[in-house]
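> quick one, fold the following:
(one chain, ligands or ions: 2)
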Amino acid sequence: MGHRRWFFKHILKERLLSIILLIFLIVFIGTVSITPLFIGDIFTELAKENSSFKVIVSASLFIAGAGIIRATADFTQSYANEILAHKITKNVTEEFYKGMLEKSQEFHDRVRIGDVMARATYDTRQMNIFISPGIKFLFEGTFTLIFSVSLMIWINPKLTLLLLMGLPIYIVTIRDYNKNLRPISQAQMEQNSILNARLQESVTGIRVIRAFVKEQAEIKEFDRETDKLREINTRRGIISAKYYPVILTFLLITLSFVWGSYEVINGRLGIGELITFVFLMMTLVMPTWQFGWAITQFQIGMAAAKRVYEMKEKKIKLEESPSPEDCRTCEGEIRFEKVSFSYNGKSSRKKSLNNINLDVPGGSTVAIIGNPGSGKSTLIKLLMRLYDPTEGNILIDKIDIKDMRISHLRDHIGVIEQEVFLFSKSIKDNIAYGKPSATKEEIIEVAKLAQAHEFIESFDKGYSTIVGERGVTLSGGQKQRIAIARALLVNPSILILDDASSAIDAETERKIQTAIANVLKDRTTFIITHRLATIKNADLIIVLKDGYLRDSGTHDELILRNIDYRRLFERFSELPPITYQEGN
Ligand SMILES: Nc1ncnc2c1ncn2[C@@H]1O[C@H](COP(=O)(O)OP(=O)(O)OP(=O)(O)O)[C@@H](O)[C@H]1O
Ligand SMILES: [Mg+2]
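Residues are numbered from 1 along each chain as shown. Ligands and ions are numbered 1, 2, ... in the order given. Below is the predicted model:
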């Protein structure tokens, strides 16, 4: 389905509203077009030698009556139009949002947040404007043209035909106008996206900007981008002004006045008819201008729909199995079979993981160690199925995770990520994120386990304290303990802790240590850590190097044979002599 069909499908879904809009629009235009007839009648009566005041009053009453109907119809159709626009925009935005949540991790790794924001807000707004008042204007223009021109033909076909000769010029002008405008509208939206992305990055990266005293440079860069947008807007303004079609309509009105008066003088046309004719011409001025505007907005709206639709439709690589299985007991037994992975797809030579084979019995604690970039985080991202391995399989309780329902899989895995993300909500809501039904007692219990209760209570508002955007009001160690509580609350059978923040004071270190120890009980746990005590006590330690699994075993085994592993401990303790060295 193309973006146009997608968009019109949304309009058609609101059939009832569209019909109401159309009916009242027709009533509205009908009353507008009919009024000049009564005005003409008044003048015809006035031109008579013994004009009847009664006829004039009744014609005036008709005008007033038409005015009342017109006002009511106008109000109703405008209202219906506005509701229609908001309903459709709401549906479109929701569909877009849902699309974003369903996208693969790969998509989110690469997309610029500002670009997503621009499409979700500015572009959907453009679609909204096309619907209201765009659609109304399109129909208003069309119906007014049909009604008024029919009446004009009825009054004086020759004069009407003469004036209709202006129509092709009008059509050509509008076509030309739109052709010129199309690339500008596209550029306008793209530039808006760029600006949004820049602004978002500057605000998020403000600390780096400050640290490097780059404020002025950033402002300059931003200025350059806003200048580009201003230039595009100016170009658009010039084009709009150049093609302003009202001039043409007024030229035609003048022409009909001159010609009409000539006809009146020669007795071929009544004065009342001329007045009606000219008034009918006047009813065309606004609608034809608005029609032109709506055509332009249609193009802008379609360009916007294309941008929204394209991003929404971008392929989701992670596919749900057609007949997903659920593990029933969920022992947390994990097996990696010849797993290789590259972030850049199968054909890429740069692999983040190479041929990983691993067996983890349920309930055990696995410590993953390795240099930065050795693939530790990647390994657990595969386990969570944020990405699929480019080769090999991962099994939980003997079921390939590709065959599991993704939501089921993730329900069973709790993660404390390397970069903890907290929502700008209260601490309580953050902890209860995975289980909103949790009671206050449950929340406090997990917070105590995670060694977070004490510092949370020290805040004035305790558990109701709002966490600043991206959790800036909390320290790294505090955020991490809240994340531990959050993961614990859902009581997952597999727990993953990607703990890079080893640079914390001894007291916090001890607390996190206790928190981790509390967490380990009765579940399969993967811990990426530099904490020696944690590593030492793990049931299984795996050593990664450049994406290869270099060694695995217990502390006692590795300390005797693995040089990388020994290095970790060498600095801190007296070690027994080495007896075996793996070839690495
Ligand atoms: N989203 C990504 N897109 C492309 N490459 C990535 C992505 N994330 C990580 N990589 C690459 O994959 C390799 C392994 O990264 P990974 O994050 O797994 O390392 P790590 O062992 O967790 O390191 P650290 O200790 O610094 O957290 C690195 O070479 C990294 O550049
Ligand atoms: Mg990492």
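> now stretch 557-575: buried residues?
Neighbour counts over stretch 557-575 (16 or more other CB atoms under 10 Å) mark 558-560, 562, 564-566, 568-569 as buried. All C-beta atoms are positioned from the backbone trio N, CA, C, and that covers glycine.
> endpoints of stretch 262-276, how far apart?
End-to-end distance of stretch 262-276 (CA to CA, to the nearest Å): 16 Å.
> do stretch 345-364 as well
End-to-end distance of stretch 345-364: 32 Å, with CA to CA as the criterion.
> quick one: is it near ligand 1?
Yes: Stretch 345-364 is in contact with ligand 1 by CB under 6 Å from any ligand atom, via residue 352.
> picking that back up, secondary structure, distance to residue 36 and pLDDT added to the buried residues of stretch 557-575, as a markdown table?
Formatted as a markdown table, the buried residues of stretch 557-575 follow (DSSP: H, G, I helix; E, B strand; the rest coil; distance: CB to CB, whole Å; pLDDT from 0 to 100):
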| residue | secondary structure | distance to residue 36 | pLDDT |
| --- | --- | --- | --- |
| 558 | helix | 95 | 90 |
| 559 | helix | 99 | 89 |
| 560 | helix | 103 | 90 |
| 562 | coil | 95 | 86 |
| 564 | helix | 92 | 81 |
| 565 | helix | 94 | 85 |
| 566 | helix | 98 | 85 |
| 568 | helix | 92 | 78 |
| 569 | helix | 96 | 78 |
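> near ligand 2, from those?
The subset of these within reach of ligand 2, counting by CB under 5 Å from the ion, is empty.
> distance of the residue of the chain found nearest ligand 2 from ligand 1?
The nearest approach of the chain to ligand 2 comes at residue 377, 3.0 Å away (CB to the ion). Going from residue 377 to ligand 1 by CB to the nearest ligand atom, to the nearest Å gives 3 Å.
> that residue: what's it in contact with?
By CB atoms under 8 Å, 6 or more residues apart in numbering, residue 377 lies in contact with 418, 498, 528.
> hmm, 6 Å instead?
Counting by CB atoms under 6 Å, 6 or more residues apart in numbering, residue 377 makes contact with 418, 498.
> that one sits in which helix or strand?
According to DSSP states H and E, residue 377 maps onto helix 376-383.
> which outside residues touch the helix or strand that that helix is followed by?
Next helix or strand after helix 376-383 toward the C-terminus (DSSP H and E): strand 391-396. Strand 391-396 is contacted by residues 334-340, 400-401 when judged by CB under 6 Å, 6+ apart.
> please name the nearest non-neighbouring residue to the residue nearest the centre of the chain.
The residue lying closest to the centre of the chain (CA atoms, centre = their mean) is residue 120, at 3.8 Å. Take residue 120 and drop its neighbours on the chain: the residue closest to it by CB to CB, 6 or more residues apart in numbering is residue 96, 5.7 Å away.
> which pLDDT value belongs to that neighbour?
If you check residue 96, the pLDDT there is 93.
> cool, and residue 314?
82.
> next one: the one 10 residues further on
Per-residue confidence (pLDDT) for residue 324: 80.
> quick one: contacts for it?
404-405.
> ligand 2 contacts on the protein?
Counting by CB under 5 Å from the ion, the chain sits next to ligand 2 at 377, 418.
> pLDDT below threshold where in the chain?
In the predicted model of the chain, residues 244-246, 316-318, 328-329, 469-472, 500-509, 512-513, 571-584 satisfy pLDDT under 70.
> strands of that one, residue ranges please.
Assigned by DSSP state E, the strands in the chain fall at 334-341, 353-360, 365-370, 391-396, 399-400, 413-416, 494-498, 524-528, 540-545, 548-553.
> could those strands be laid out in a markdown table, adding mean neighbour count and distance to residue 320?
Formatted as a markdown table, the strands of the chain follow (neighbours: other CB atoms under 10 Å; distance: least, CB to CB, whole Å):
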| stretch | mean neighbour count | distance to residue 320 |
| --- | --- | --- |
| strand 334-341 | 19 | 20 |
| strand 353-360 | 18 | 23 |
| strand 365-370 | 23 | 27 |
| strand 391-396 | 18 | 16 |
| strand 399-400 | 16 | 13 |
| strand 413-416 | 23 | 16 |
| strand 494-498 | 24 | 20 |
| strand 524-528 | 25 | 24 |
| strand 540-545 | 22 | 29 |
| strand 548-553 | 19 | 29 |
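> ok, residue 275 - contacts?
Residues in contact with residue 275, defined by CB under 6 Å, 6+ apart, are 39-40, 43.
> which one of those has the most neighbours?
If you count neighbours using other CB atoms under 10 Å, the busiest of these is residue 40, which has 24 neighbours.
> tell me, how many residues neighbour the residue nearest to that one when sequence neighbours are not counted?
Computed as CB to CB, 6+ apart, the closest residue to residue 40 that is not its neighbour in sequence is residue 276, at 3.1 Å. As a burial measure, residue 276 scores 25 neighbours (other CB under 10 Å).
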